[in-house]
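1. show me how the following folds:
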Amino acid sequence: MKGEREDLIRSAVDVIKKGGTVVYPTETVYGLGADALSEEAVRKVYKIKRRELSHPISLAVSSFEMVHSVAYIDPESLEILTELLPGPVTVLLRKKDAVPAVVTAASDVVGVRFPDNEIATRIINETGPITSTSANLSGRTPPTSVEEVEIKADIIINGGRCKYGMPSTVVDMTRTTATEEARNINREIKRRGAGYDRVLHVLRSKAVGKGLHGLPVPELWKNRDR
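-> Down below sits the predicted model:
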């Protein structure tokens, strides 16, 4: 079984590098992965999921160096992320030019996941950022085991049942406000999901005297399924 999984991981890396798609496990739900920096590969993901291009998807990384390669992040936010990641959190950041517009639905904001799952991170270590959207048809329940996966991909890796069995908590770190004293970054929880209590605790511990805002979920992010 272990040998078969190793072969699948190696094959998954090869498939993604060649522009294909892979269903892979994370600690939240199963994801549908492809080269997140290839517009052609990302469009395959949209097609498989029957997802509208107006609904952005996230990407997954396996290191903080990789976070920096796809998004802008200030030192204070990085300090918070080192406490939250890897883990069941999607962080909204300002994207860099390396990220194709199709990933973000032409927005300048990208959702970044750093999964706490060995299979996922081993793949990403070899391929670079991959798409991080649940392996289901849009509007359907995200799968928490391979038995629940209904979509087709070039490779499906069985990593057992997902630890949390629910989508990630989404945190927005993009909004800023300017005061006479300083420029502040407002960190907002946009979706309650896996690991919510820990995310809330960390944000509150870093936001003493600033408050923690809870604004309505933007329309683009209501449709994110991971």
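
2. just the element for the closest residue to Val202 other than its chain neighbours, please.
-> Leaving aside its sequence neighbours, Val202 sits nearest to Glu83 (Cβ to Cβ, 6 or more residues apart in numbering; 5.1 Å). C-beta: built from backbone N, CA, C; applies to glycine. Assessed by DSSP states H and E, Glu83 sits inside helix 75-84.

3. and that helix, what does it pack against?
-> helix 64-70, strand 89-95, strand 169-178, strand 183-191, helix 196-206 (3 or more Cβ pairs under 8 Å, 6 or more residues apart in numbering; DSSP states H and E).

4. need the ones you listed in TSV with mean neighbour count, can you?
-> As requested, the helices and strands packed on helix 75-84 are arranged in TSV below (neighbours: other Cβ atoms under 10 Å):
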stretch	mean neighbour count
helix 64-70	16
strand 89-95	24
strand 169-178	18
strand 183-191	17
helix 196-206	15
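
5. now render those as JSON lines, adding distance to Gly20 and mean pLDDT.
-> Output for the helices and strands packed on helix 75-84, formatted as JSON lines (distance: least, Cβ to Cβ, whole Å; pLDDT from 0 to 100):
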{"stretch": "helix 64-70", "distance to Gly20": "20", "mean pLDDT": "97"}
{"stretch": "strand 89-95", "distance to Gly20": "24", "mean pLDDT": "97"}
{"stretch": "strand 169-178", "distance to Gly20": "28", "mean pLDDT": "80"}
{"stretch": "strand 183-191", "distance to Gly20": "29", "mean pLDDT": "79"}
{"stretch": "helix 196-206", "distance to Gly20": "33", "mean pLDDT": "92"}
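
6. the nearest residue to Lys152 once chain neighbours are set aside: neighbour count?
-> Residue nearest to Lys152 in three dimensions, not counting chain neighbours: Ile48, with 6.6 Å by Cβ to Cβ, 6+ apart. Ile48: 19 surrounding residues under other Cβ atoms under 10 Å.

7. and Val15, by the same measure?
-> So Val15, with other Cβ under 10 Å, has 21 neighbours.

8. name the next helix or strand downstream of the helix or strand where it lies, please.
-> Using DSSP H and E, Val15 falls within helix 2-17. Scanning forward in sequence from helix 2-17 by DSSP H and E, the next helix or strand is strand 22-24.

9. pull up the pairing partners for that next one, direction included.
-> Partners of strand 22-24 in the sheet, by DSSP bridges, are strand 31-33 (antiparallel), strand 155-156 (parallel).

10. for the closest residue to Leu200 other than its chain neighbours, name its beta-bridge partners.
-> Nearest in space to Leu200, with sequence neighbours left out and distances taken as Cβ to Cβ, 6+ apart, is Ile189 at 6.7 Å. Listed by DSSP bridges, the beta-bridge partners for Ile189 are Val171.

11. please put the alpha-carbon coordinates of stretch 103-110 into PDB.
-> Written as PDB, here are the backbone C-alpha positions of stretch 103-110 (Å, rounded to 0.1, in the frame of the first residue of the first chain):
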ATOM      1  CA  VAL A 103      -7.000  32.100 -10.700                       C
ATOM      2  CA  THR A 104      -8.400  35.200  -9.100                       C
ATOM      3  CA  ALA A 105     -11.200  36.100 -11.500                       C
ATOM      4  CA  ALA A 106      -9.100  39.100 -12.500                       C
ATOM      5  CA  SER A 107      -9.000  40.400  -8.900                       C
ATOM      6  CA  ASP A 108      -5.700  41.500  -7.300                       C
ATOM      7  CA  VAL A 109      -6.500  39.200  -4.300                       C
ATOM      8  CA  VAL A 110      -5.400  35.600  -4.100                       C
END
